[in-house]
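below are the sequence and a predicted model; questions follow.
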Amino acid sequence: MDGVLADFKSALTKISPELIDEFAGQHDNIPGIFSLMEPVPGAIEAVYTLKDKYDLYILSSSPWENPTALGDKLAWVKKYFGGEGSDNVFFRKVIFSSAKNLSRGDILIGEWCGRVFWSAYSFWKF
């Protein structure tokens, strides 16, 4: 999700310098940071283009030490993809897991070390 749909760096511009310093090297642990991200340019449009042809899911990990991350990420999906109910593109199709290698699918579009990649495996390898 982060780096593919949501621009993590955009949230850093909305955080106080004091918090940036306090969480140096672990910005993903800043409470509330995932609610502040802007969409990656073109990502929302890409999802709406792909949704009619593919069965889309979001597979995202969550920082263990950030108590707001899960709720913030889900709220972000609701904000940008159609709200609370079944009109949301990802209604009941958001999976949170730190072990993405245990998931199955045809194609994974992900982000690793700041680079977007895709992988066409039944079991993804990281």
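Right, received. Where do you want to start?

which stretches of the protein aren't confidently modelled?
Scanning the chain with the threshold set as pLDDT under 70 gives 110-126.

swap the cut-off to 80 and go again
By pLDDT under 80, the low-scoring segments of the chain are 100-126.

in this protein, what residue spans correspond to helices?
8-12, 17-22, 43-50, 69-81 (DSSP state H).

which one of the ones you listed lies nearest to residue 35?
Of all the helices of the chain, it is helix 69-81 that lies closest to residue 35, at 4.1 Å by CB to CB. No exception for glycine: its C-beta is placed from N, CA and C like everyone else's.

how far off centre is that closest one?
When C-alpha coordinates are averaged (CA atoms, centre = their mean, to the nearest Å), helix 69-81 and its chain have centres 9 Å apart.

most packed of the helices of the chain?
The highest mean neighbour count among these, using mean count of other CB atoms under 10 Å, belongs to helix 69-81: a mean of 18.

mind listing what residue 66 touches?
Neighbouring residues of residue 66 by CB atoms under 8 Å, 6 or more residues apart in numbering: 28, 29, 30, 31, 33, 34.

may I see the helices of the chain organised as JSON lines, with distance to residue 98 added?
Below are the helices of the chain laid out as JSON lines (distance: least, CB to CB, whole Å):
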{"stretch": "helix 8-12", "distance to residue 98": "17"}
{"stretch": "helix 17-22", "distance to residue 98": "24"}
{"stretch": "helix 43-50", "distance to residue 98": "23"}
{"stretch": "helix 69-81", "distance to residue 98": "11"}
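
before I go, just wanted to say thanks for your time.
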